[in-house]
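Asker: What shape does this take:
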Amino acid sequence: MAAQNAQILFPVNVPGAFDYRIPHGVNIKRGDFVFAPIGKQMKLGVVFDILEDDGGRTLKDIAQVKATQPLSVEMLRFIEWTARYNCVSPGLVLRMVVRSYKALDPSPMVTQFSPSESLPSKMTASRQSILEHGGPFPARASEISERAGVSSGVVRGFEAAGGLIAQNLPVDGPFGVPNSEHGGIALTFAQRRASDELIAQVAKRDYNVSLLDGVTGSGKTEVYFEAVAEALKKGGQALILVPEIALTQAGMSRFEARFGVAPAPWHSQLGDASRRRVWREVAQGRAQLVVGARSALYLPFPNLRLIVVDEEHDTSYKQEEGVIYNARDMAVVRAKIAKHSVVLASATPSLESLVNARTGRYAHVILPERPGVVTLPEIDLVDLKDHPPEKGDFISAPLIEATNAVLARGEQAMLYLNRRGYAPLIICRNCGQKLKSPDTDSWLVEHRATGRAMCHQTGFSMRMPTACLECKAEDSLNAVGPGVERVAEEAAKHFPDAKIEIFSSDTAGNPAEIAARMTRMEQGDIDILVGTQMVVKGHNFPKLTFVGVVDGDLALAGGDPRAGERTYQTLVQVAGRAGRADKPGHALIQTHQPDHEALAALAAGDRERFISAELGLREALLLPPFGKLAGVIISGEDLKKTEALAKKFVSLAPRADGVEILGPSEPPIGRIRGRYRRRLLVQAEMTVNLPKYMKTWRARVKPPSKYKLQIDIDPQSFM
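Answerer: Purely as a prediction, here's the structure:
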């Protein structure tokens, strides 16, 4: 056999793969994990390609092939595609895939104990406690002793007496095998028709995308469960992407009820051991059902048959740092490469997905109503020009009256404001200075519950000062505007007998605390829930019949071209929390812009009116889905050098028809973590290969050390 070379990609930020010689007699294939020398170090990489050796170069040898499951050829292509489309190095994408090097090794083994079939004649209270409270079994001695309230010596003594059996078992146990026939509920006629459409798509075992477009509370989850069940048959794997970690936790019980076992979870709060276990079990094909946040898309599934993107419109699917990508769009790409199904589910689909469905690129599966007698909530606007709150307050009289009526009926209310903390601005009454982060051009937010001022851009935090940092005037700092803490404080004044809780990322706590708060809400132990966008996604509160939106205009501020769409989506989702059981729901939205197209369409219950107006505007301006966008952020420690680099980059832009470059300009936040920022926006016609254009342009400049040039294809944020 002719000598061969291997192209090895390492999980580092380098332009591409490196060539190495395959030693004689060593069997290597694409996707294998190998060790190879880089300089004086030995690094782990992945074989991306194998080529015939032309004999013209002297190459280093591959040192070792790791005995582990290789990445599939489809996964290699997906890594390559992600890198090319999003204008990043493939090594950075590989680093997202190889999250745990320990997962490449077999699970460590440890002694674990289980009850034996025959018990010793002497059964003490401690031994009885082991049987009653020490499980679930098998378990380590330390786990049993902690649960049973006994010492590890008692556990081992019980084993010596024959009451327990010791086995050498893997630390990372397998996940349960889901049962596709377990726990299905009776679907309505509309739900069954929709699920049959999705099942037929999955059964094709080929690339296809379906948009599951159903109003809030229409049963989209139960419908796509049937598609998941079809994918799981004969050992297939299914991935359900959710936009928030909180949803990953809250939704586990629904999956377990439907499929008999808890799914494998994947999100940023997993510990190293859990991450190692999930990655290994997915790679071996043994974890069939995975529920996770956006990064779960880059797990190495060998037998993936379905990806569900729940709340597909949600901006949380956009990764904004490192490898910048949109998980919804990359899910469609992965399905196309591996030839399987995707279901995009939403009550408020993105305009891009909706246009794809209406033009036939995606199947359009519609759930137009809630099941049974449950109706959509009535939505009304409160014009703050006609109903201004009392001085110093933020809740208007109509919201107060509606909340009082709900509480009088023994039902629940929600007050929504997508702004964390107590107040978004702290200003000195004496000199007018605004409290800012020391290295970032963003205002500090007062968090009165913790007594701190925080930057939500960087996480900077300081104890709330008692005097102005500029003029030193004592007790001069004034909180301006409301956050959820302030709304909760005002609600306590208006509704003194109500049980009020706040739900935001600051107060959510760990997964157990989130679950406990949601349980209290579901059981009616909370009268008024004051929350940010965390309360909007996926929660079902049977006794919640009223939603009051404190500021319906918040998302309309700034220069975001998707502001109208996001406002409409968010407020539909917020209002949709009300009246999901047998009692009708009602939502009131406070606004200064009742004539805005998004708000007027909401009040009229006319989604098509908003979609038509928004699509008409997008088409006229050549914005997605009728045009393409790319953002560029150039940043550095010196303002003048950053501006000069931005201007130089613009001057090197390739000439091309159908491309317009806007900027450079200062973004709303011009400095973050001590680095000055300048933004460009590139607008292109649909016929332009924008990633290729941006890659060509990027190659024309090499930023100086400590200066960064970051490309964002299809930007979702304009900060």
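
Asker: only C-alpha atoms for contact and neighbour calcs from this point on.
Answerer: Noted.

Asker: Now for Arg429: which residues touch it?
Answerer: By Cα atoms under 8 Å, 6 or more residues apart in numbering, the residues touching Arg429 are Ser476, Leu477, Asn478.

Asker: Restricting to C-alpha, output the helix or strand hosting Val291 in PDB.
Answerer: Per DSSP states H and E, Val291 falls inside strand 289-292. Below are the C-alpha coordinates for strand 289-292, written out as PDB (Å, rounded to 0.1, in the frame of the first residue of the first chain):
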ATOM      1  CA  LEU A 289     -33.000  11.200  24.000                       C
ATOM      2  CA  VAL A 290     -31.100  14.400  24.800                       C
ATOM      3  CA  VAL A 291     -32.600  17.700  25.900                       C
ATOM      4  CA  GLY A 292     -30.300  20.700  26.000                       C
END
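
Asker: residues in contact with that strand?
Answerer: Here strand 289-292 makes contact (Cα under 8 Å, 6+ apart) with 178, 232, 237-242, 245, 248, 263-267.

Asker: Mind listing what's buried along the helix or strand that that strand is followed by?
Answerer: Using DSSP H and E, the helix or strand that follows strand 289-292 in sequence is strand 304-310. Using 16 or more other Cα atoms under 10 Å as the test for burial, strand 304-310 gives Leu304, Arg305, Leu306, Ile307, Val308, Val309, Asp310.

Asker: what pairs with the third one across the strands?
Answerer: Note on Leu306: beta-bridge partners by DSSP bridges are Ala238, Ser341.

Asker: Now do it against Ile79, distance only.
Answerer: 18 Å (Cα to Cα, to the nearest Å).

Asker: Geometric centre of this protein: which residue is closest?
Answerer: Pro243 (3.4 Å; Cα atoms, centre = their mean).

Asker: what's the spacing between it and Val309?
Answerer: Going from Pro243 to Val309 by Cα to Cα gives 8 Å.

Asker: Lowest mean pLDDT among the helices and strands, pick that one out for the chain.
Answerer: helix 245-250 (a mean of 58; mean pLDDT, DSSP states H and E).

Asker: Toward the C-terminus, what is the element adjacent to that helix?
Answerer: Past helix 245-250, the next helix or strand by DSSP H and E is helix 252-259.

Asker: Quick check, pLDDT for Val373.
Answerer: In this model, Val373 is scored at 57, pLDDT.

Asker: nope, Glu369 is what I was after
Answerer: If you check Glu369, the pLDDT there is 87.

Asker: Once you drop chain neighbours, what's closest to it?
Answerer: Of all residues not flanking Glu369 in the chain, Ser218 sits nearest, at 5.7 Å (Cα to Cα, 6 or more residues apart in numbering).

Asker: That neighbour: what's it in contact with?
Answerer: Leu367, Pro368, Glu369, Arg370, Pro371.

Asker: Please report the distance of Pro594 from Asp553.
Answerer: Distance, Pro594 to Asp553, using Cα to Cα: 9 Å.

Asker: Against Gly157, how distant is the residue lying farthest from the centre of the chain?
Answerer: Ranked by distance from the centre of the chain (Cα atoms, centre = their mean), the top residue is Ser121, with 54.8 Å. Distance of Ser121 to Gly157, computed by Cα to Cα: 14 Å.

Asker: ok, now Leu629?
Answerer: 68 Å.

Asker: Compare these two (neighbour count), which wins?
Answerer: Ranked by neighbour count (other Cα atoms under 10 Å), Leu629 and Gly157 place Leu629 first, with 24 against 14.

Asker: I'd guessed that one sits against Ile713; true?
Answerer: Yes - using Cα atoms under 8 Å, Leu629 is in contact with Ile713, at 6.5 Å.

Asker: The residue farthest from the centre of the chain is in what secondary structure piece?
Answerer: For Ser121, there is no host helix or strand (DSSP H and E).

Asker: Give me the pLDDT value at the residue nearest to Glu369.
Answerer: The confidence metric pLDDT takes the value 87 at Ser218.

Asker: So it belongs to a strand, correct?
Answerer: No - counting by DSSP: H, G, I helix; E, B strand; the rest coil, Ser218 is located in no strand; its state is coil.

Asker: switch to numbering from 336
Answerer: Sounds good: first residue 336 from here, last item Ser553.
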